[in-house]
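> Below are the sequence and a predicted model for it; my questions follow.
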Amino acid sequence: MGFLARLLNRPGAQAEKKLGWLEKARPEIERLGRSYAELQDEEIAKTAAEIFESGDRRAQLTKYAALAREAAERALDERPYDTQITGLLGLLDGAVVQLLTGEGKTLVGAMAAAGYALQGRQVHLVSVNDYLAVRDRNWMKPLFDLLGVESASVSGADSEEARRKAYRAEIVYASVTEVGFDVLRDRFVLDDAHIRVGSRDVVIVDEADSVLIDEARVPLVLAGSTSKEDADSAIAALVEELVPGEHYEVSQDRKAVSLTNEGIDLVEERLDADLFGDDSATLAAVSLALYAKALVHRDVDYLVVDGRVKLISDSRGRVAELQRWPDGLQAAVEVKERLATTESGEILDQMTVEELIHGYSTICGMTGTALAVGDDLREFYGLEIVPVDPHLEVIRVDEPDRLYTRQESKERAIVGEVAEQHAAGRPVLIGTRSVAESESLAERLRTRGIACEVLNAKDDSAEAQIIAQAGRSGAVTVSTQMAGRGTDIRLADDGVAEAGGLLVIGAGRYQSSRLDDQLRGRAGRQGDPGTSVFFISLEDELLSRVPEIQRFVEEGDEHGFIASKRAAQLVEHAQRMAEGENTAVHRDTWRFNELMAKQRELVLARRREVRDENAGADEVRRRLGDRAEELSEEFDAATVDAAITEVLLFTIDSRWVDHLAFLNSLREGIHLRTLAREKPHEAFNAESIRAFSTFWDDVVADSTEVLEDAEFTEDGIDLPAYGLKRPSSTWTYLSTETVFGSDIETIVKKIGR
């Protein structure tokens, strides 16, 4: 691709071109604004309702931008900047808008949501958690009321009746997981009155890069039929004895672990098993226990709270409520921690966040760091980016990284820097990669007599208050991931600006440069002064991808500081490698899930036809033959049709559960097909299509078999009497993507050798 082609295809280029008319329209927006300022409050809603009824698209958008600005100033005492108007029009154009931290994304999203609603669209504005969804809707409600559009919010605490009512509003604020769980619950409704979400029209995604990229692969799961996952404590105890480097090896990217030949011999001898023979269950159990031992770490990947394992979200740095690992890994970690294994259950349905978002007719969003994933957003969602310049110039100073030999020397250097800046009255925010690191730094600071607030997954109850106070003179705040916190750090009026503003210290680079930028962006908001700097050690996990960098350990000075420019370049290289790996995993996951998503839609479409149109009833009647004639003579047609429909619906749901279990099992072992020179994705798709090809025929056949023997009454059939019981209770949770792809590939390579 030539230079000109790359320039024209860079993230943001197409959206900039489409909004090129806006600069010429700004005087007209100002003129209309003066006109709208003369309207009475009750006239605002009437004018808003008429804007999209006539005129060309640009004229409509120009009028709406002017009216939305006037309405925001009246309802919220906030007059949108020109940059926020640009963001508004970018969202109404179906793009992802990049607005830096502190530039007013909440107001931009609300104005866009109202704009879509005034066009007769239903809007879901999804955020990363319930707190932000409820807070932002309540905050923006006066604007919606003034513009004459109905709004509501949904949270996990809402009753069924409350959430059904909320989803009927023109604008609904909710976390992406709550919407996803409700879509899954709707999957099994038998009556339209019980549907929660209904059709998905427009979605505006807050923290779009986090939701659409970082969490796109996360499966949302609806489960039932309570059971316990088994994990062998004897195997866990044996695996605990294994020595790294001797009995097992961890891959360079630290995403896979496999037994060495010595490890295989030891395990087979102690368990009296042939791991690569017919005993695949033992191999799976050993692999799970080994993964739990070597790659899943307490206070980094999970916490143990009140006797339960709680996962930590890597992209948010906080407890991932309702999240659990799949494939028995949850049970393996619980056994490792000597805890009782928790309920698992049969998966009734599942979908990834990406599949959920693809179900909307229009997708748009906003974030402070979109350009870095512009190619991914275009590839996976067909989205363009509108980069919006900040309202005031960013004067923050981003200092070069400081590289150290060891974690110990890095932490000492961080504490020394904090002590110096703290004495000068500057507020300091330290962003860490894990709970363990945040607590280690906090303890060092307190030992030096420096009081600090700690914000991590163990306790984020006072999150908003801690962040809001982080800009005071001398304040020191230690936090895990800052993305999606939803609260600005404003500098206090006590000489903080004169002292240099907020100092942001990164205790190591993240896997993604976007997360680094989100941390940096906490300083220098709205033209404030500020500084950012990252401290890195050769022991940071990110640098395990580039073994070459370890030779620089000899170049550290007496404090462990490394001044080499080549070492700094290798840090950048390691981060680019991590970003490339994440994109590859995203692409890989979508390949496996794309066909499943299409099959799911086909099943749901057929289910709706059965429920609403009696589809399949005639087919079942033909197969029943004389039995159908007998039933028609004894009972009225409505009773028989209702019974047939009920059996068909149950059988569709049951067959889908079986198909999901088959696909999940197939995927776990599909990489073994490489031994037969097959491509895993192609093999998976071929097997999936083959299994699905008889889905409807099997449903009709199974339903016919039930109806042939079932005893009818005037009330239809007592299905539970024939073993056709729906789960007495269901629950939802977030899983993680299957962890064994790379593990099995490693094993396959060993077998191949």
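Nice, thanks for sending it over. Note that this is a predicted model, so its numbers are computed, not measured.
> what's the single longest helix in the protein?
Ranked by residue count under DSSP state H, the longest helix found in the chain is helix 565-613.
> what separates it from the chain centre, distance-wise?
Put simply, helix 565-613 sits 11 Å off its chain's centre (CA atoms, centre = their mean, to the nearest Å).
> for the record, mean pLDDT for the helix or strand that it is followed by?
Downstream of helix 565-613, the next assigned helix or strand under DSSP states H and E is helix 617-624. Average pLDDT, helix 617-624: 90.
> Quickly find the element holding the residue lying farthest from the centre of the chain.
In the chain, the residue that sits farthest from the middle, by CA atoms, centre = their mean, is residue 633; the gap is 55.3 Å. For residue 633, the element it lies in under DSSP H and E is helix 626-634.
> could you give the angle of that helix to helix 617-624?
Angle, helix 626-634 to helix 617-624, by axes from the mean of the first three to the mean of the last three CA atoms, to 10 degrees: 110 degrees.
> which parts of helix 626-634 are buried?
Buried positions in helix 626-634, judged by neighbour count with 16 or more other CB atoms under 10 Å: 628, 631. Any C-beta I mention is one placed from the backbone N, CA and C, and that applies to glycine too.
> Then stretch 597-607?
Across stretch 597-607, burial judged by 16+ other CB under 10 Å covers 597, 599, 600, 603, 606, 607.
> Repeat that for stretch 564-582.
The neighbour-count check on stretch 564-582 (16+ other CB under 10 Å) flags 567, 568, 570, 571, 574, 575, 577, 578, 579, 582 as buried.
> which residues does the fourth one contact?
Okay, so that is residue 571. 401, 403, 509, 536, 542, 543, 549 (CB atoms under 8 Å, 6 or more residues apart in numbering).
> any chance of the residues you listed in JSON lines, plus pLDDT?
Formatted as JSON lines, these follow (pLDDT from 0 to 100):
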{"residue": "401", "pLDDT": "96"}
{"residue": "403", "pLDDT": "97"}
{"residue": "509", "pLDDT": "94"}
{"residue": "536", "pLDDT": "97"}
{"residue": "542", "pLDDT": "91"}
{"residue": "543", "pLDDT": "93"}
{"residue": "549", "pLDDT": "92"}
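> Inside strands: which ones of those residues?
403, 536 (DSSP state E).
> need the contacts of residue 571 in CSV with distance to residue 651 and neighbour count, can you?
Below are those laid out as CSV (distance: CB to CB, whole Å; neighbours: other CB atoms under 10 Å):
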residue, distance to residue 651, neighbour count
401, 60, 17
403, 62, 26
509, 53, 23
536, 57, 23
542, 50, 18
543, 54, 23
549, 58, 24
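> Now do the residue farthest from the centre of the chain against residue 680, distance only.
55 Å (CB to CB, to the nearest Å).
> Please work out the average pLDDT along stretch 722-742.
64.
> Sketch out the low-pLDDT regions of the stretch 301-450 of the chain for me.
Within the stretch 301-450 of the chain, the segments meeting pLDDT under 70 span 313-323, 326-327, 343-345.
> at 90 instead, please
Under the criterion pLDDT under 90, the flagged ranges of the stretch 301-450 of the chain are 301-348, 350, 433-436, 438-439.
> ranges for the strands of it?
302-305, 308-311, 346-352, 362-367, 385-387, 397-398, 402-404, 428-431 (DSSP state E, counting those that start in this stretch).
> Nearest approach to residue 697 belongs to which of these?
strand 346-352 (21.4 Å; CB to CB).
> Okay, now the sheet partners of the closest one, with direction.
strand 219-224 (antiparallel) (DSSP bridges).
> Give me the next element, helix or strand, following the helix holding residue 633.
With DSSP H and E, the next secondary element past helix 626-634 is helix 637-669.
> Tell me which residue is most central in this protein.
The chain, centroid-nearest residue using CA atoms, centre = their mean: residue 215 at 2.6 Å.
> dump the residue contacts of the residue nearest to that one when sequence neighbours are not counted.
Leaving aside its chain neighbours, residue 215 sits nearest to residue 353 (5.3 Å; criterion: CB to CB, 6 or more residues apart in numbering). Contact analysis of residue 353 by CB under 8 Å, 6+ apart lists 176, 177, 180, 211, 212, 215, 216, 217, 218, 220.
> ok, of these, which one's closest to residue 412?
Nearest to residue 412 among those: residue 215, at 35.0 Å, using CB to CB.
> And the closest one, how far from residue 60?
As for residue 215, its distance to residue 60 is 34 Å (criterion: CB to CB).
> List the contacts of residue 506.
Contacts of residue 506 by CB under 8 Å, 6+ apart are 430, 431, 516, 519, 520, 532, 533, 534, 535.
> same check, this time on residue 397
Neighbours of residue 397 in contact, by CB under 8 Å, 6+ apart: 530, 531, 532.
> go with 10 Å
500, 501, 503, 523, 524, 529, 530, 531, 532, 533 (CB atoms under 10 Å, 6 or more residues apart in numbering).
> farthest-separated two in those residues?
529 and 533, at 14.5 Å, using CB to CB across the contacts of residue 397.
> picking that back up, any idea which of the contacts of residue 353 is least confident?
residue 218 (83).
> thought that one was touching residue 324?
No - using CB atoms under 10 Å, residue 218 is not in contact with residue 324, being 11.4 Å away.
> For this structure, name the helix or strand with the lowest mean pLDDT.
helix 741-752 (a mean of 43; mean pLDDT, DSSP states H and E).
> before we move on, back to that, a markdown table for the strands of the stretch 301-450 of the chain, including distance to residue 157?
A markdown table is the format used below for the strands of the stretch 301-450 of the chain (distance: least, CB to CB, whole Å):
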| stretch | distance to residue 157 |
| --- | --- |
| strand 302-305 | 20 |
| strand 308-311 | 19 |
| strand 346-352 | 23 |
| strand 362-367 | 25 |
| strand 385-387 | 35 |
| strand 397-398 | 41 |
| strand 402-404 | 45 |
| strand 428-431 | 30 |
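> Residue 70 is nearest to which of these?
strand 362-367 (21.8 Å).
> Quick one: neighbours of residue 245, just the number.
8 (other CB atoms under 10 Å).
> The helix or strand containing residue 689 vs helix 637-669, what angle?
Element membership for residue 689, per DSSP H and E: helix 680-692. Orientation check (the same axes, to 10 degrees): helix 680-692 against helix 637-669 gives 160 degrees.
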